[in-house]
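1. I'd like to go over a predicted model; first the sequence, then the structure.
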Amino acid sequence: MQREGAAAGEEPWAPFKSEDEWELARWLTKSVGQEKADEFSKLKIVQDRVKPSWHNKYTLNKSLDRLPAGPGWRCEMVQVPGDLRDKNGMQCKEDVELWMRAPWEPGLPRKHGICAEHVYADAAGAERVLDELWTADWWWKTQGLMPPGATIAPVILSSDQTHLSVHSGDKKAWPVYLTLGNISADIRRQPSKHATILIGYLPVCKMDTFSPERRAVARHRLFHYCMERLLAPLVEAGQHGVNTTCADGFIRRVFPILAAFVADFPEQCLVSCCRRNTCPGCPVEPKRAGEPLHTEFRDAQATLESIREHMDGKPSPAFDSDNLHEHLFLHHADLLHQLHKGVFKDHLVSWCVEIMGYEEVDTRFKSMPSFPGLRHFKNGISLVSQWTGKERQEMERTFIGALSGAVAKALLDFIFLSRLSTHTTSTISALQASLDRYHLQKQVVIDLGIRKHFNVPKLHSMVHYPAFILSHGSATGYNTESPERLHIDYAKKAYRASNKRDYVAQMACWLSRQEAIDLKTAYIRWRSPADAPGDQPGQQAGEENNHGPMALPPHARLPPRTLQTAAQSPFPRTTVRDLVHKHGAVDFVPALRAFLDNLAHARTGNGPLEDGLFDVYKQLTFTQKSTRFTDGRDYAFHVHAVRGQPAEGLRKANPGIFDTVLLIDPVSDTGLRHVRGMDGCLRPGRVRALFMLPPELGECPLPLAYIELFTPLRARDLDSGMLQVARSSRNRRRRAVVVRVDDIFLPCHLVPKSTSANWSSSWDETNVLDHAPYFLLNTYIDAHSFLLFSGFGT
């Protein structure tokens, strides 16, 4: 693109007159609908003052069509002869559209893997690390089949039908997406990175030319025929290889090989040509699917031979090709539909509700204490009519705290371990151990009369997760949540931009223009990287009123961290009376005096502490490096201490928000020790106030926190496996301390430890921490807490 522009003497934003005009054209196309963009372009003030090179949406589109774009789209008409006859005795036929474009273009992304690796966490090679596809066994095995000097491009396909019309109509689309295993899973999961491309739309038709009993088979055959046509260029490239320029400048012979097909269970069965009561990945008998059988994966060649024999000369499956079929029948992990929806919501939640009843379950979820970023089910869960994947995951975070049980803990451990973005030999062993515990304990569900058997494909799918992770790396890279998110950009938005008639052709045209704009935007930013928004370190949208991140002093017991506060205190010169009555910091003065007694540069002779004025903050933000088991991004957490607001006029009263945290308590001799190399113990506390020490009282560069203490972490609860705590008191008063905020280790979530007999319906998220007698440290509130208190983050 750069060479062509330089040869033609064009500016980077050509064919537009200036960079400002390009930005206007990009904004109109990406953010404004077709009709409104046309109205805007025709405004007299726009034509007279802005004077763009276009005068309506049509001429703007003509300019956009001159931009470099991806592979072009083409439509192939597929004739589907049915088994029905029309009134003239002729065979009924239906013509359907298959839209496709080249699925493979020479070129790999700048950050990619080109060869198989075995990674170990220790020098002895005993603890293996598996995260990306190139660290797993499949790539290692496949690379050994390649000629010298060649490498592979593992192809990851995904497809799923989606509804286009809203509220009325039956318009559907069936997109097919492609990405490469050379790209890290973290990049593939981000739609804005455009690491996954749309390669076609499969036809969606009602098959009215077939009798009802033949429609399902005909629909399956049409799918395989269309996939065969769609992937024909990929088959050729996989057989002969393609010379590709890699990021290091070398040209390699690259063989695109199908590594995974990401789909929900019905489509997995469709791809694998099996019934829906069987496993797509292994030949286990349907009546034994609930048993802990470690069956081998289907042999691809033997399975295809059986299919060919059954077809008796009829068209064979689309994946019947040397570079496509080998791993077609490998069970692919699907966190969204198999675990979050299937195992958790459809089965585990329904079992617990049948045992306890919706009223008791709703009461417990209503009274869950708040936590930054946690969805609070203020009306319980019984009234939620349609569950999204996000809501299911939010429910998983507090499920064990609300409804503890051995079977529930085993399944939640399995789900949380499956979600890790990096695995080791130890985590895979723990994954298998949690599955074994589930099979040992599941008999109680039958004894209670809730189920008669566990021969359910989604429950059976858990058996294959350890083997799949060893073969293909972390399951997070193959989650159907990613293609479902892509439906918004590649199907639903494109449909809304059409006139709803012959919409697929219009969708393809609209997507080509969107892709051209994305390519041009990336090119312009590459040409002038210093001007790209968001490149300034530490600057993020919406942070103009905040101080930049401030590195905290090195702490022997904590990883390197930064702290961010508001540029100005929202409550400057707050009195001690307000801290006591509005924040609940009832022992603020004695706690502050104890802190000043140990402060090197304290000035306690400048009047009584009761007369002090303090700058108070609503929240602090800590950022620290993520562990290798999570997504690799920095881990940011917030600590809130927000006073309540009384009702005023039409505004309702808002209760205060006072978060709970894990505090480093180096003086205590009890509690949990040696967590991630920490010298002191961790002790829960509730933050009542965040403030700066006034200069007249001493020198302290960091904010301080007034924290009400709970008891140090004690023994684990037998049912939930969580650590137990209680409110800490002395002489019937809550124990409280003032500490520097760098003594805060992590936010934590405390849930009431109670049985059905004494779980009060009067508890809610605002008062449960004050009324419940005992609490459990919620291990499942986030990945960091789960790893820390499960022993896998050490």
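-> Cool, got the structure.
2. ok, now how distant is E132 from S184?
-> 6 Å (C-beta to C-beta, to the nearest Å). C-beta coordinates here come from the backbone N, C-alpha and C atoms, glycine included.
3. which residues touch S785?
-> 746, 748-749, 777-779 (C-beta atoms under 8 Å, 6 or more residues apart in numbering).
4. what do you get for L599?
-> 698, 700.
5. now W763: closest residue in space, sequence neighbours ignored.
-> S367 (3.9 Å; C-beta to C-beta, 6 or more residues apart in numbering).
6. Y774 versus that neighbour, what's the distance?
-> 14 Å.
7. one more: R643?
-> 27 Å.
8. so between these two, which is more surrounded?
-> Taking other C-beta atoms under 10 Å, R643 and Y774 do not tie; R643 has more neighbours (21 against 15).
9. pLDDT value on Q540, please?
-> On the pLDDT scale, Q540 is placed at 41.
10. whoops, I mixed them up, L383
-> pLDDT at L383 comes out at 81.
11. please apply the same query to D48.
-> D48 is given a pLDDT of 92.
12. how many neighbours does it have?
-> D48: 8 neighbours (other C-beta under 10 Å).
13. give the buried residues for stretch 82-100.
-> 82, 94, 96-100 (16 or more other C-beta atoms under 10 Å).
14. can you pull the contacts of the spatially closest residue to K62 that is not a sequence neighbour?
-> Leaving out its chain neighbours, the residue that sits closest to K62 by C-beta to C-beta, 6+ apart is W54, at 7.7 Å. W54 makes contact with 25, 41, 60, 62-63, according to C-beta under 8 Å, 6+ apart.
15. quick one, which of these are buried?
-> Using 16+ other C-beta under 10 Å, the buried ones in the contacts of W54 are 25, 41, 60, 63.
16. which of the residues you listed sit farthest apart?
-> Maximum pairwise distance in those, criterion C-beta to C-beta, is 11.3 Å, between S41 and S63.
17. low-confidence bits of the stretch 401-550 of the chain, can you list those?
-> 529-550 (pLDDT under 70).
18. helices along that one, start to end?
-> 406-418, 425-441, 443-447, 457-460, 465-472, 481-487, 493-496, 503-527 (DSSP state H, counting those that start in this stretch).
19. R727: which of the ones you listed is closest?
-> helix 406-418 (25.5 Å).
20. quick one, that closest one and helix 425-441 angle?
-> Helix 406-418 and helix 425-441 are oriented at 160 degrees to each other (axes from the mean of the first three to the mean of the last three C-alpha atoms, to 10 degrees).
21. restrict helix 406-418 to CA atoms and write it as PDB.
-> Extracted in PDB, the C-alpha atoms of helix 406-418 (Å, rounded to 0.1, in the frame of the first residue of the first chain):
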ATOM      1  CA  ALA A 406     -19.700 -31.200  47.500                       C
ATOM      2  CA  VAL A 407     -21.000 -31.800  43.900                       C
ATOM      3  CA  ALA A 408     -21.300 -28.100  43.300                       C
ATOM      4  CA  LYS A 409     -17.700 -27.500  44.500                       C
ATOM      5  CA  ALA A 410     -16.300 -30.200  42.300                       C
ATOM      6  CA  LEU A 411     -18.100 -28.800  39.200                       C
ATOM      7  CA  LEU A 412     -17.200 -25.200  39.900                       C
ATOM      8  CA  ASP A 413     -13.600 -26.100  40.500                       C
ATOM      9  CA  PHE A 414     -13.600 -27.900  37.100                       C
ATOM     10  CA  ILE A 415     -15.200 -24.800  35.400                       C
ATOM     11  CA  PHE A 416     -12.700 -22.300  36.900                       C
ATOM     12  CA  LEU A 417      -9.700 -24.500  36.100                       C
ATOM     13  CA  SER A 418     -11.000 -24.900  32.500                       C
END
